[in-house]
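Visitor: Predicted model, plus sequence, below.
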Amino acid sequence: MPIEKSDLLQGTLDMLILKIVALGPVHGYGISLRIRQISKEVLQVQQGSLYPALHRLEKRGWLEAEWGESEKGRQAKFYKLSAKGRKQLASEESTWNRLAGAVADILQTAQ
Amino acid sequence: MSWWKFLFPKRASDAQMNSELRFHIDELTDENIAAGMSPDEARRRAMLEFGGEEKFKEEVRDVYRVRILDASVINLKSAFRFLRKSPTFSATVILTLALAIGANSAVFSAIDAILLRPLPFPDADQLVRVDQYNPKTSSPLHLVAPVRLEDWNRLNSTFQALSGFSSEDVSESTGPLPERVTRAWVSSRFFQVWAVSPVLGREFTPDEEALNGPAAALISDRFWRRRFNADPNIVGKNLRLDGHLTPVVGVMPPAFLFPDREADLWCPIPAGLSYGQARENNQFMVIGRLKPGVAVPQARANLATVQAQLGRQFPKSDAELSVGIEPLKETTIADARRSLWLLFGSVTLLLFIACTNIAALLLSRSAQRQHEISVRFSLGAPRGTLIAQLLTETFLLAFIGSGLGLFLAAAASDIFRTLAAQLPRVEEIRLDARIILYSLACSVVVTLLCGLVPAVGGTRRSLSAPLAQSSRSLVSGRNPLQWLLVGIQVALAVTLLAGAGLLLRSFQQLGRVSPGFDAAHLLTFQLGMQWGETGDMKKLHQFTDGILETLRATPGVDAAAISVGAPGVPFRYQTELKVTEGRADTEPKIVAENRFVSASYFATMRIPLLAGDVCRETDGAPSVVVNRAFADAYFPGASVIGHHVQSLNLGYSGAAEISGISGDARETGLDHLPVPTVYWCAPHAEPGTFFLVRTRNAPMTMAESIRQRLHEIEPQRSVYDFAPLEQRFSDALAENRLRTVLLTFFAATALSLACIGLYGTLSYNVNIRQREVGLRLALGALQGQIVKQFLRQGLGVSFLGCLAGACLAAAFARVLSGMLYGISPTDSVTLSSVVLIVLAVAVVASLVPAIRAARVEPMNVLRDE
């Protein structure tokens, strides 16, 4: 069953976006595609949350954006990670891992 | 995030959002087609999946908008809370700013009304004042002969029209008592030039402008209201002007104040009048309206060509004349420009001082709020947010201050009118949207000037930790920035005080000037007269003698005389003179002021006669008196008495014998040295002639009995414009007084602000160093040492400020040159006394906190720990 935004932990979408963008400059459509593919269709991001999130991250200076041509020759806005964003991603990743690890420990131990 | 990015955030443009959205939908469509849908269906599904276009844009826009709006509201709320929490501090800042911004807006409203706005006529930049003058004499005889005005109108190619006018006083006698009114005679093309129509009634008809046409008068709004109570049926009613019935044909709009604000009515003067035909009969002041797109230099060149042509045609009267053209606005404003900019400069300095003062206050405040700021930092507030909040607090104070300041600005018109009624366009000063906008802009500038440094400095993260500790330590750090601000205040105050001091001293010097005549106990007034009366000189002579005899016979009057132009009040009538006996070509040309007086003038004014006799009041061979400056300049070492002089520009005077030499008197103004002057004995009064009466008691007490005496012998004439001569001096110096009074006021305010700033900063310093002082006293320091230490700190800064201020004052001294009399702009006495005054004030302001510091009870402060 696909998980939609409301089920995503607050702040998780930002981290996912940063992670995808970290792989290389990519446009909004590509990000939604990648999240779907990599999560094997479990995570579905609504455009209504994706774009505000992208703009929010850009405004905070974690993403940088520039206009370029897509593979099919269309004008698209490509996002890439800034140095600040890379730092942010690293810290969010480690927090997430610690949290996920702790939750997993509790789930296993309590069984 | 840097704070400036917070103030000016990035925004997503609509076009960019559109293309980002379109790209996404296009890609989705492609995906759907690949899944096997028809292109139309694929697109429809893609749009459906994406959701509403506007919703998307709104959501993206929200990212940029929500925080700013929320942040401002939150900041404002907390700013109000801050204001309520510290009412004394807020009130001090608000009042200081209300005074500073209010005074600034007030002076700006005068500058706006007088200098910046166009004159209140349609296309006023096309209006120019046109003068004729003889370049050989230094002062222009700018009036123009009517016949020459007609020539100019006929021959030029750059003017839409030129119109002339002359004004005179007449008696209007339809009321119970004759009333003196000012009438302007206007030539044809009057309405073409002014482009102003009557608000009531009609313009003059061609019939009325023609020779022997029906009489007609347009009246001013002021006269209409004063005399006729704004009667809407005024058109068609008759006035009786010097006995002639003249119907009112219309009322002019209130803003039409020309030739000046005294004008009561306008009557047409026909071009074909016989006395207007003489080319020497210069009587019109001329205003022209340029054709659209014509610049003033073009018009100058054009009229110069026209006048050169007239010079060839009429070599006797026109060859030596040049034409001067100046924009009407410039001639109207005249000398007010320099005074107003001087005032604006000083009031802006005052605003700077106020800003510096408040910046210092805010600095000490932000040091006190260090704790609050550190807490907010540790809770994760970005620095930009904190700076924005501190700036919002400052802006709120400045905004309220500028709002209160508007009350001061609203009084500007009355203040300027009281101080200098003669200031041009003073009635146009008013509070309007421009002034409100200006004072709002002031509050923004003030916010940045006095809020930015404390806000940025107070939120420096690296400082927050050590500062938080310092309040607990026994020895506090120094605050170089605060002392710098105090120094700046002192320096600017010294600059303003030096300016005010120079103006005051020059006023004092003017008071000490010996004018060469005795101005005390002199009453001056005028009598209603008409130019028409000057046709019969013999009758006029008898009439004038009769008046003077009546005056002399009035009890309490010692002497009486007449003079065209009041002595000592600026009035110039300079011409070139020729000596009939001949002079060598190598000798300088004789140029002198002319005064037309009765023979009794010298005795009445107590101007001593140094040699020879007073001029003879005969209608036969005329004689003149010259002053010593004339004799010394043109007849050095030779006898001047017995020579004959003739004026080249005064049409009616023949050669006159020099019968005597008088002492030098400052005829052309108290602030002007006596110039070579010729007194012509003209024993007949004219319109504009002043009657001078030497009284035994206070001059004005005689006014009523003189009025009654004259009414007995001349019941039809109005007697008006009574004023002691000294009053006229003071009126002539009104603009001088305006800038002196206002600058002194600004300087005094500046000094008290600087004094408050010094006191406040030192008090604050004393407060935060209480523990240190307590400890030192406990260890055996003497109270005197403590006082001396704080006093030295306050005085040291003041002294450096004074030095800087003295340098500034010396650098700006040039601004004042030309406004000063009898004193150099870098007068060392003034500068050093200003510095002494400021230092004395600084001692008082420092002594109070210093003594308080020394009175600290060591046990109390140390126990507080």
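Guide: Cool, got the structure. Numbers count the residues shown, from 1 in each chain, chains lettered A, B, ... in the order given.
Visitor: From here on, just use CA atoms for contacts and neighbour counts.
Guide: OK.
Visitor: Just the pLDDT for the spatially closest residue to B:Val490 that is not a sequence neighbour.
Guide: Once flanking residues are discounted, B:Val490 sits nearest to B:Gly801: 5.1 Å by C-alpha to C-alpha, 6 or more residues apart in numbering or on different chains. In the predicted model, B:Gly801 carries a pLDDT score of 93.
Visitor: Secondary structure of B:Gly801: a helix, I assume?
Guide: Yes. Inclusion of B:Gly801 in a helix is indicated when DSSP: H, G, I helix; E, B strand; the rest coil is applied.
Visitor: so who does it touch?
Guide: Applying C-alpha atoms under 8 Å, 6 or more residues apart in numbering or on different chains, we find B:Gly801 in contact with B:486-491.
Visitor: Drop anything exposed from the residues you listed.
Guide: Buried by 16 or more other C-alpha atoms under 10 Å in any protein chain shown: B:486-491, out of those.
Visitor: Dump the residues you listed into a markdown table; add pLDDT and secondary structure as well.
Guide: Below are the buried ones among the contacts of B:Gly801 laid out as a markdown table (pLDDT from 0 to 100; DSSP: H, G, I helix; E, B strand; the rest coil):
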| residue | pLDDT | secondary structure |
| --- | --- | --- |
| B:Val486 | 89 | helix |
| B:Gly487 | 91 | helix |
| B:Ile488 | 91 | helix |
| B:Gln489 | 90 | helix |
| B:Val490 | 92 | helix |
| B:Ala491 | 93 | helix |
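Visitor: Got phi/psi on B:Pro122?
Guide: Backbone torsions of B:Pro122, given as degrees, to the nearest 10, read phi -60, psi 140.
Visitor: And for it, nearest residue in space, chain neighbours not counted?
Guide: B:Pro122 sits nearest to B:Ala195 (C-alpha to C-alpha, 6+ apart), 6.3 Å away.
Visitor: do the same with B:Arg202
Guide: B:Gly250 is the one closest to B:Arg202 (C-alpha to C-alpha, 6+ apart), at 5.4 Å.
Visitor: residues touching the residue nearest to A:Gly24 when sequence neighbours are not counted, list them.
Guide: Leaving out its chain neighbours, the residue that sits closest to A:Gly24 by C-alpha to C-alpha, 6+ apart is A:Lys80, at 6.4 Å. Neighbouring residues of A:Lys80 by C-alpha under 8 Å, 6+ apart: A:21-22, A:24-26, A:63-65.
Visitor: Give me the residues contacting the lowest-mean-pLDDT helix or strand in chain A.
Guide: For chain A, the helix or strand with the lowest mean confidence is helix A:47-60, at a mean of 83 (criterion: mean pLDDT, DSSP states H and E). Helix A:47-60 is touched from outside by A:5, A:13-14, A:17, A:28, A:32, A:63-65, B:1, B:10, B:50-51, B:56, B:59-60, B:62-64, with contacts defined as C-alpha under 8 Å, 6+ apart.
Visitor: Give me every residue in chain B lying close to chain A.
Guide: Contact residues, chain B versus chain A (C-alpha under 8 Å from any C-alpha of the partner chain): B:1, B:10, B:19-20, B:23-24, B:27, B:50-51, B:56, B:59-60, B:62-64.
Visitor: Tell me which two in the residues you listed are the farthest apart.
Guide: Using C-alpha to C-alpha, those span at most 34.3 Å, a distance reached by B:Met1 and B:Glu27.
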